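In: okay, here's the prediction I keep looking at, along with the sequence it came from:
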Amino acid sequence: MRILVISSDRTSELNRPVNLGDAMLTDALVASLRAKGHDAIAADFGDSARTGGEARLRLSGVGALLRALRDVDALVIGGGTLLQDDAREIPGGWGGLPRLCAASSVLARLTRTKVAFYGVGCDPVERVGARTLLRLAVSGVPVWVRDTRSAARVRETLKGTAMLGADASLLMGFDPRGQAADDAPVVVALNGEHARHLTAGQVEALKRSGRRLVFLNMSQGGSFLDADSLSVEARAAFDEVTEPMGWDEAFRLIRSAESVWGSRMHALYAAMLSGVPMVALSALPKVVTFAEDFGIPRVTETSEIGDVHPTLADTAALDAAVATADRTLDDLLVGFVGTGR
């Protein structure tokens with residue numbers, strides 16, 4: 001089958017992914033579909049051509065998406081917390097990811113293209129506009145979610161059909177790197193909100209091992225980096241702050257780390273898949289669920305950093321999740337064979 005993958009991954013004017021986590025899970029999904037014998041490509045609604053990673057089909061607007069759907073057999077809307085109200089600055093809740101999901105799903109059905117959601121998260125959705133669009137997106141469409149709480153929200157809030165799958169990044173598989181090198185860095189990957197509250201003293205606490213401390217910008221749009229939210233003092237306390245890069249470069253950095261501290265969930269996923277100890281720092285529903293599912297230590301505030309030590313994920317839970325990711329992607333593809341054009 002020819003399969004188009006749509007996610008929240010897009011390319012900035014710097015020719016790099018706007019969000020490294022979205023790029024990682026999108027490439028993992030595309031590569032896995034190809035490994036199963038299908039002709040898969042990811043759509044990119046960004047500003048420029050991608051440098052590095054899997055090739056992207058650049059699309060601009062509804063017309064381009066409609067033409068692309070007429071040229072494929074199936075659409076997978078996959079990966080990340082796609083089912084959320086991410087554009088609160090837009091009045092009414094009629095923009096952002098709800099609009100992307102609704103437009104993609106509805107156009108697929110209008111063109112009789114097989115469609116399903118895969119490996120997605122669902123956050124609480126309160127605004128009527130966003131909830132209406134997301135209900136339209138999942139209506140009559142199979143939704144494979146990454147965790148049980150997302151499944152409950154799809155069923156109860158969005159009135160959709162949810163099946164338990166796994167995060168798309170898990171399609172990469174668990175490949176532990178072994179012992180960290182003596183010069184392995186400590187990697188910090190915080191979203192803007194947590195970076196804003198990080199103090200120079202807390203940064204110094206993370207350097208207690210004497211290791212090099214690197215701030216990894218997972219969000220790296222041309223107009224915004226996660227590190228832009230750091231105070232001048234906190235930023236100066238880091239040994240390195242990364243420049244925009246490809247997700248494969250970020251993955252190599254994480255894989256080389258002594259430990260990872262993060263509120264960016266896919267930095268934590270990358271650490272887990274590499275066998276790197278970590279600490280989750282967030283009260284966001286998706287990060288709380290991740291930490292609980294995989295036995296990861298978690299703190300809510302940056303002020304608690306000095307009170308916790310990084311640990312490895314629960315290997316049994318990780319192995320089960322990796323197996324679930326592969327099995328449920330097969331289930332999705334089997335469903336495609338029995339439907340549509």
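Out: Structure's in. What do you need? Numbers count the residues shown, from 1 in each chain.
In: so for Gly222, what's the pLDDT?
Out: For Gly222, the pLDDT comes out at 69.
In: how about residues contacting the one helix or strand Asp293 maps to?
Out: If you go by DSSP states H and E, Asp293 is part of helix 285-294. Here helix 285-294 makes contact (C-beta atoms under 8 Å, 6 or more residues apart in numbering) with 81, 121, 123-124, 147-150, 263, 265, 268-269, 272, 280, 282, 296-298, 313-314, 317-318, 321. Glycine gets a C-beta too; all of them are placed from N, C-alpha and C.
In: now stretch 157-168
Out: 25-26, 28-29, 78-80, 83, 118-119, 121-122, 124-125, 131, 134-135, 138-139, 141-148, 150-152, 154-155, 269, 321-322, 324-325, 328-329, 331.
In: make a ChimeraX selection of the buried ones in those.
Out: Of the contacts of stretch 157-168, the buried ones can be selected in ChimeraX as follows, counting by 16 or more other C-beta atoms under 10 Å:
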select :25,26,28,29,78,79,80,83,118,119,121,122,125,131,134,135,138,141,142,143,144,145,146,147,150,151,154,155,269,321,322,324,325,328,329,331
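In: out of the contacts of stretch 157-168, which sit inside strands?
Out: Those of these mapping onto strands are Gly78, Gly79, Gly80, Leu83, Tyr118, Gly119, Gly121, Cys122, Pro142, Val143, Trp144, Val145, per DSSP state E.
In: skip the chain neighbours and tell me the closest residue to the first one.
Out: Translated: Gly78. In this structure, Gly78 finds its nearest non-sequential neighbour in Tyr118, 4.1 Å apart by C-beta to C-beta, 6 or more residues apart in numbering.
In: that neighbour and Trp144 touch, don't they?
Out: Yes - Tyr118 is within contact range of Trp144, at 4.7 Å (criterion: C-beta atoms under 8 Å).
In: touching both of the two, which residues are there?
Out: Common neighbours of Tyr118 and Trp144, using C-beta under 8 Å, 6+ apart, are Gly165, Thr328, Leu332.
In: mind checking which of the residues you listed are in helices?
Out: Using DSSP state H, the members of these that fall in helices are Thr328, Leu332.
In: using TSV, please lay out the shared contacts of Tyr118 and Trp144 together with pLDDT.
Out: Output for the shared contacts of Tyr118 and Trp144, formatted as TSV (pLDDT from 0 to 100):
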residue	pLDDT
Gly165	95
Thr328	97
Leu332	97
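In: which stretches of the chain form helices?
Out: Using DSSP H, the helices of the chain run over residues 20-35, 61-70, 96-110, 128-138, 148-156, 192-197, 200-206, 232-237, 247-255, 265-274, 285-294, 315-337.
In: for the stretch 151-300 of the chain, which spans come out with low pLDDT?
Out: Along the stretch 151-300 of the chain, segments meeting pLDDT under 70 span 222.
In: could you chop the chain up by domain?
Out: Taking automatic domain parsing as the criterion, the chain consists of the domains 2-171+322-337, 186-310.
In: quick one: closest of the ones you listed to Gln179.
Out: The closest of those to Gln179 is domain 186-310. By C-beta to C-beta, the value is 9.8 Å.
In: chain center to the closest one: distance?
Out: From the chain centre to the centre of domain 186-310 is a distance of 15 Å (C-alpha atoms, centre = their mean, to the nearest Å).
In: quote the end-to-end distance of that domain.
Out: The first and final residues of domain 186-310 sit 11 Å from each other (C-alpha to C-alpha, to the nearest Å).
In: buried set for stretch 227-244?
Out: Neighbour counts over stretch 227-244 (16+ other C-beta under 10 Å) mark Ala227, Ser229, Leu230, Ala234, Arg235, Ala237, Phe238, Val241, Thr242, Pro244 as buried.
In: I meant to write stretch 48-61 there.
Out: Buried, per 16+ other C-beta under 10 Å, within stretch 48-61: Arg50, Gly53, Glu54, Arg56, Leu57, Arg58, Leu59.
In: any chance of JSON lines for the residues you listed, columns distance to Cys101?
Out: What follows is these, written out as JSON lines (distance: C-beta to C-beta, whole Å):
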{"residue": "Arg50", "distance to Cys101": "22"}
{"residue": "Gly53", "distance to Cys101": "23"}
{"residue": "Glu54", "distance to Cys101": "21"}
{"residue": "Arg56", "distance to Cys101": "19"}
{"residue": "Leu57", "distance to Cys101": "18"}
{"residue": "Arg58", "distance to Cys101": "20"}
{"residue": "Leu59", "distance to Cys101": "15"}
